[in-house]
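Engineer: Mind folding the following:
(2 chains)
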Amino acid sequence: MHFLAMGKYAAYVWPAYGFSILGIGGTIAWTLGNYRRAKRRLAEIENDGIA
Amino acid sequence: MSLDDQRAKRTSIFEFANPKRFMDASEGAIPWLAAIAVLTVGVGLFMALFVVPPERYQGDTVRIMFVHVPAAWIGMMAYGAMAVASFFSLVNRHPLADVAARTAAPLGAVFTALALVTGSLWGRPTWNTYWAWDLRLTSFLILLFLYLGYIALWNAIEDEILAARLAAILALVGAGDLLIIKWSLEIARWLGIEANMLHQGESIFRADGPSIAPIFLWPLFLMALGYTALFLLLWVVRIRTEILERRTRVLLSREA
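Structural biologist: The predicted model follows:
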């Protein structure tokens, strides 16, 4: 219980960790999504025999 | 072996500025960077939340340090990397330098924004305010605006060569802000406005050694290492994405 309450600072500590996880997690998902899309698109074009 | 042969054989950092070589070399680095990031952030987070005791004066708010300080470091490091890449873009006109600078910007903006938000959440219980126009905080907010301006400039100009040149100049001029952030306390003292400063001075990289206890230093070190590996990993993946997209565009234009 003390852990969740963070002393009396839960209202500051948990949002700081929450924003960090959301911000970094979102950036990872966005970066990897774009990478996979770019790889797939290039593979499609190369398979079409353009290369 | 002649001097020219030695020069030709030398593996310098510039050899990786060749897109093909970059693609080959970076592929092997990806799993290593991912492993370092997962391991160090995992252990760092465990220590930050479960091992570190509440600090004598700050209580549990000290745990915010482990997500705030590494984010601030990466926010600054990414700008430094962007400025160096911009320098080579202007001097060598190498397209990979543009790609490196351009892809670092959104990552730097995210980490800078996180440093500002977590710092604000740390400031409320310790300084009794979410924000103050103190020189460190203000120059850090300017860093975020520099990133946003840089990204906007790239998006606003269609001519890629002109956009790269103007963006590189903005990145280099803005690099002065990094010095203001780093030396904000000294500058405030010099200007006689240190009474307005809320942000504390340097506590890690001090001539007389870090001023914080090892129990806090270890998780901070692990988190900083993890954030650095994560930034490098995302940066490499974003550069690779851009190279793949450019290749796609070239092939499509050949077809047309």
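
Engineer: any idea of the pLDDT on the closest residue to residue B:247 other than its chain neighbours?
Structural biologist: Residue nearest to residue B:247 in three dimensions, not counting chain neighbours: residue A:42, with 5.9 Å by C-beta to C-beta, 6 or more residues apart in numbering or on different chains. C-beta here means a position set from N, CA and C on the backbone, and glycine is covered the same way. Looking at residue A:42, its pLDDT is 94.

Engineer: So residue A:42 sits against residue B:242, correct?
Structural biologist: No - between residue A:42 and residue B:242 there is no contact under C-beta atoms under 8 Å: 12.0 Å.

Engineer: picking up where we left off before, so the residue nearest to residue B:247 belongs to a strand, correct?
Structural biologist: No - Residue A:42: not assigned to a strand; according to DSSP: H, G, I helix; E, B strand; the rest coil it is helix.

Engineer: And it, how far from residue B:102?
Structural biologist: Noted for residue A:42: a distance of 19 Å to residue B:102, by C-beta to C-beta, to the nearest Å.

Engineer: Tell me which of the two has more neighbours.
Structural biologist: Neighbours of residue A:42 and residue B:102, each counted by other C-beta atoms under 10 Å in any protein chain shown, are more numerous for residue B:102; the result is 25 against 19.

Engineer: gap between the more buried one and residue B:245?
Structural biologist: For residue B:102, the distance to residue B:245 (C-beta to C-beta) stands at 12 Å.

Engineer: Which residues of chain B lie near chain A?
Structural biologist: Neighbours of chain A within chain B, by C-beta under 8 Å from any C-beta of the partner chain: B:49-50, B:54, B:59-61, B:63-64, B:67-68, B:71, B:106-107, B:110, B:113-114, B:117-118, B:121-122, B:124-125, B:230, B:234, B:237-238, B:240-241, B:244-245, B:247-248, B:251-252, B:254-255.

Engineer: ok, of the residues you listed, which come out buried?
Structural biologist: Neighbour counting by 16 or more other C-beta atoms under 10 Å in any protein chain shown classes B:49, B:59-61, B:63-64, B:67-68, B:71, B:106-107, B:110, B:113-114, B:117-118, B:121-122, B:125, B:230, B:234, B:237-238, B:240-241, B:244-245, B:247-248, B:251 among the residues of chain B next to chain A as buried.

Engineer: So what's the residue count around residue 48?
Structural biologist: Chain wasn't specified; assuming chain A. With neighbours defined by other C-beta under 10 Å, the count for residue A:48 comes to 10.

Engineer: That was the other one, I meant chain B.
Structural biologist: Residue B:48 has 23 neighbours, counted by other C-beta under 10 Å.

Engineer: Ignoring the adjacent residues along the chain, who's closest to residue B:33?
Structural biologist: In space, and not counting its chain neighbours, residue B:33 is closest to residue B:233: 3.9 Å by C-beta to C-beta, 6+ apart.

Engineer: List the residues that contact the one you found.
Structural biologist: Contacts for residue B:233 were tallied using C-beta atoms under 8 Å, 6 or more residues apart in numbering or on different chains; they are B:30, B:33, B:34, B:37.

Engineer: can I get those in JSON lines with secondary structure and neighbour count?
Structural biologist: Converted to JSON lines, the contacts of residue B:233 look like this (DSSP: H, G, I helix; E, B strand; the rest coil; neighbours: other C-beta atoms under 10 Å in any protein chain shown):
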{"residue": "B:30", "secondary structure": "helix", "neighbour count": "14"}
{"residue": "B:33", "secondary structure": "helix", "neighbour count": "20"}
{"residue": "B:34", "secondary structure": "helix", "neighbour count": "14"}
{"residue": "B:37", "secondary structure": "helix", "neighbour count": "22"}
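
Engineer: pLDDT and distance to residue B:208 added to those residues, as JSON lines?
Structural biologist: As requested, the contacts of residue B:233 are exported to JSON lines (pLDDT from 0 to 100; distance: C-beta to C-beta, whole Å):
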{"residue": "B:30", "pLDDT": "96", "distance to residue B:208": "39"}
{"residue": "B:33", "pLDDT": "98", "distance to residue B:208": "33"}
{"residue": "B:34", "pLDDT": "98", "distance to residue B:208": "37"}
{"residue": "B:37", "pLDDT": "98", "distance to residue B:208": "32"}
